[in-house]
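[1] how does the following fold in three dimensions:
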Amino acid sequence: MKTIIFDFDGTIADSTAVFRDAWNEYASVYHYEQVDRHHIAETSHMTLQQRAKHFRFPMHKLPIILPKLYRYFRERANEVKLFDGVGEMLKALHAKGYQICILSSNSVENIEAVLQHHNISIIHHVISAGKIFGKDAALKKFMKAQRLSPTDILYIGDEFRDLEACNKVGIPFGWVSWGLDGDSLIRSLNPVYCFDRPADITQTLC
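    Residues are numbered from 1 along each chain as shown. Purely as a prediction, here's the structure:
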């Protein structure tokens, strides 16, 4: 394994509060339900599509709404914290010689703003998938550009859709339990690794 690719929101960045506020900002405009932190926790067993149905979110309007959510995020990027221990974990992996990348549905501009705010400068590539469900295509493009095979990579993320994307292209997946999706949902697809804290990643891979 040469390269570790991380998801960003829910894996590296604790951005739930900012995205929750962004979601609620446009709820009345697009006629879906607002959420609070209890709603998010209570739906951790649901896929993204199931959550959308639960909160009456119009998925067909996602291309219109998502850029607004990301612009809202950009305005509050300095409020986004990293999960405890993530900075130390990234430095340990870097020192071990791994190429560390981020592949997210969020924008490159947003990700780099948060990384810069926290003085994280050891990320080799920051990639935006461009679409909520476009990570498998982005992973294929990255592998081709970097001349890597699936066995050269480990993807680490917190969502069911991340694991699905990795399974489509044959990349091993490590799940972090501190993110959005819960244990009962993720374990149904048998991730290679399950991490309960950033230090677990360091201990396993270093």
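[2] residues of the longest helix along the chain that come out buried?
    Taking DSSP state H as the criterion, the chain has its longest helix at helix 62-75. The neighbour-count check on helix 62-75 (16 or more other C-beta atoms under 10 Å) flags Ile65, Leu66, Leu69, Tyr70, Tyr72, Phe73 as buried. Using the backbone N, CA and C atoms, a C-beta is placed for each residue, glycine as well.
[3] out of those, which comes closest to Leu163?
    Distances from Leu163 to the buried residues of helix 62-75, taken as C-beta to C-beta, are shortest for Leu66 (20.9 Å).
[4] once you drop chain neighbours, what's closest to that closest one?
    Spatial nearest neighbour of Leu66, chain neighbours left out: Ile132 (7.0 Å); criterion: C-beta to C-beta, 6 or more residues apart in numbering.
[5] near that neighbour, how many other residues are there?
    14 (other C-beta atoms under 10 Å).
[6] residue ranges of each domain in this protein, please.
    Split into domains by automatic domain parsing, the chain comes to 3-14+83-205, 16-78.
[7] winner for burial among those?
    domain 3-14+83-205 (a mean of 18; mean count of other C-beta atoms under 10 Å).
[8] starting at the chain centroid, how far to that domain?
    7 Å (C-alpha atoms, centre = their mean, to the nearest Å).
[9] likewise stretch 59-76?
    Centre to centre, stretch against its chain (C-alpha atoms, centre = their mean), the figure for stretch 59-76 is 16 Å.
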